[in-house]
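# please find the sequence and the predicted model below.
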Amino acid sequence: MKVRALGRATAPWMAGIALLAMGSFYLEDLQRSAALALWGPRIDGFILAAFAIEMACMLALCRKPARYLRANWLKLVIVASSGLVLWGARLHAMPVAHLLHLIYVALVFAWLLGHVRAAFSRSVIPFASLLGAGAVLLAAVGFYRIEPTVHSYGQGVWLAFTTAATVGYGDIVPTSAAAKVLAALDVVVGYAVFSLITGGIAALFIGQAEKQARHALHCEVEALRDELRQSRIELTSRRPDDSGPKGLHSVHNDSTV
């Protein structure tokens with residue numbers, strides 16, 4: 001019970017701390033300013049410390065630590081990957097650091113999706129919106145890195161959004177083979193996300209009608225139960241009349257006399 005209570009209390013804070021990974025990725029990998037880039041490892045260190053402390057407290061309160069680790073394996077991987085990101089940044093291994101950081105952000109995003117999906121289990125719209133936003137932001141990183149016509153991260157975001165939405169204005173288009181493959185994947189994710197959102201909106205309107213129908217059916221069932229309960233009370237309170245076996249017994253006594 002203590003573990004569940006602590007998990008519910010710290011879940012919003014951990015989700016907000018996990019969102020800082022997007023900012024650290026921008027500062028370290030996409031920011032041109034060296035002064036601002038120094039804040040990236042500091043943010044990663046803060047995320048690592050927060051997740052490690054939260055997990056240590058959970059393990060200290062939990063009676064079965066192995067079971068907790070199996071259920072929260074993604075959080076454990078996030079702690080390990082954040083440590084690897086800091087290790088790669090200190091070694092100044094730029095290609096390795098970029099790859100580790102991208103994997104680390106993807107893992108954090110996956111953990112956030114699971115957290116949001118559990119929080120909004122009755123509605124798919126917030127989950128699909130976060131999924132679409134994260135897919136666009138990650139695809140923008142790919143376009144910015146592999147597409148020669150994209151000269152800034154903002155242009156990468158615009159290309160990823162127009163591709164996912166299947167708008168295709170034509171101001172920026174993928175030209176390299178790798179960018180075209182990424183654009184195809186972005187279109188597939190965009191179709192899935194927009195179908196989830198439109199389906200969720202339709203479900204909201206259909207759900208209102210279903211709620212009204214269930215409420216009316218519940219009222220009818222309750223009224224029928226009240227009638228049955230009243231009939232049962234009347235039957236149990238009614239006394240037997242003289243036309244039954246008691247009357248026959250009286251006639252038999254009279255004939256005997």
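Cool, the structure landed. Not measured: the values here are computed from a predicted model.

# Met22 versus Leu159, what's the distance?
Distance, Leu159 to Met22, using CB to CB, to the nearest Å: 18 Å. C-betas here are computed from N, CA, C, even on glycine.

# more neighbours: the two, which one.
Comparing Leu159 with Met22 by other CB atoms under 10 Å, the one with more neighbours is Leu159, at 28 against 17.

# what packs against whichever strand or helix holds Val221?
Under the criterion of DSSP states H and E, Val221 resides in helix 177-237. In terms of contacts (3 or more CB pairs under 8 Å, 6 or more residues apart in numbering; DSSP states H and E), helix 177-237 is packed against helix 125-146, helix 153-164.

# now mean pLDDT and distance to Leu36 too, for these, in TSV please.
As requested, the helices and strands packed on helix 177-237 are arranged in TSV below (pLDDT from 0 to 100; distance: least, CB to CB, whole Å):
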stretch	mean pLDDT	distance to Leu36
helix 125-146	80	17
helix 153-164	90	13
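
# out of those helices, which is closest to Ser176?
helix 125-146 (6.1 Å; CB to CB).

# buried ones in the closest one?
125, 127-132, 134-146 (16 or more other CB atoms under 10 Å).

# for stretch 76-90, same thing?
Residues of stretch 76-90 classed as buried: Val77, Ile78, Val79, Ser81, Ser82, Gly83, Leu84, Val85, Leu86, Gly88, Ala89 (neighbour count, 16+ other CB under 10 Å).

# does Val150 sit in a helix, a strand or a coil?
Classification of Val150 using DSSP: H, G, I helix; E, B strand; the rest coil returns coil.

# for whatever helix or strand Phe46 lives in, name the packing helices and strands.
Assessed by DSSP H and E, Phe46 sits inside helix 39-61. When contacts are defined as 3+ CB pairs under 8 Å, 6+ apart, helix 39-61 sits against helix 2-25, helix 65-71, helix 73-90.

# and the spatially closest residue to Met14 that is not a sequence neighbour, how many neighbours does it have?
Nearest residue to Met14 in three dimensions, chain neighbours excluded: Glu54, at 6.1 Å (CB to CB, 6 or more residues apart in numbering). Applying other CB under 10 Å, we find 20 residues neighbouring Glu54.

# isn't Glu54 right up against Ala18?
No - if you go by CB atoms under 8 Å, Glu54 and Ala18 don't touch, sitting 10.9 Å apart.

# any stretches of the stretch 1-150 of the chain with poor pLDDT?
Applying pLDDT under 70 to the stretch 1-150 of the chain flags residues 1, 3, 12, 26, 28-34, 88-102, 113-124, 127.

# dump the residue contacts of Val77.
Leu107 (CB atoms under 8 Å, 6 or more residues apart in numbering).

# residues contacting the closest residue to Ala140 other than its chain neighbours?
Nearest residue to Ala140 in three dimensions, chain neighbours excluded: Gly156, at 3.7 Å (CB to CB, 6+ apart). Applying CB under 8 Å, 6+ apart, we find Gly156 in contact with Ala139, Ala140, Val141, Gly142, Phe143, Tyr144, Glu147, Val150.

# separation between Gly156 and Val187?
16 Å.

# before we move on, the earlier item: out of the contacts of Gly156, the closest to Ala9 would be?
Nearest to Ala9 among the contacts of Gly156 is Val141, at 33.2 Å by CB to CB.

# please report the distance of the closest one from Leu59.
Applying CB to CB, the value for Val141 to Leu59 is 34 Å.

# sorry, back to before: now distance to Ala106 too, for the buried residues of stretch 76-90, in a markdown table please.
Compiled in a markdown table, the buried residues of stretch 76-90 are given as follows (distance: CB to CB, whole Å):
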| residue | distance to Ala106 |
| --- | --- |
| Val77 | 11 |
| Ile78 | 10 |
| Val79 | 15 |
| Ser81 | 9 |
| Ser82 | 13 |
| Gly83 | 16 |
| Leu84 | 13 |
| Val85 | 12 |
| Leu86 | 17 |
| Gly88 | 16 |
| Ala89 | 17 |
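
# next, give phi and psi for Lys64.
phi -120, psi 90 (degrees, to the nearest 10).
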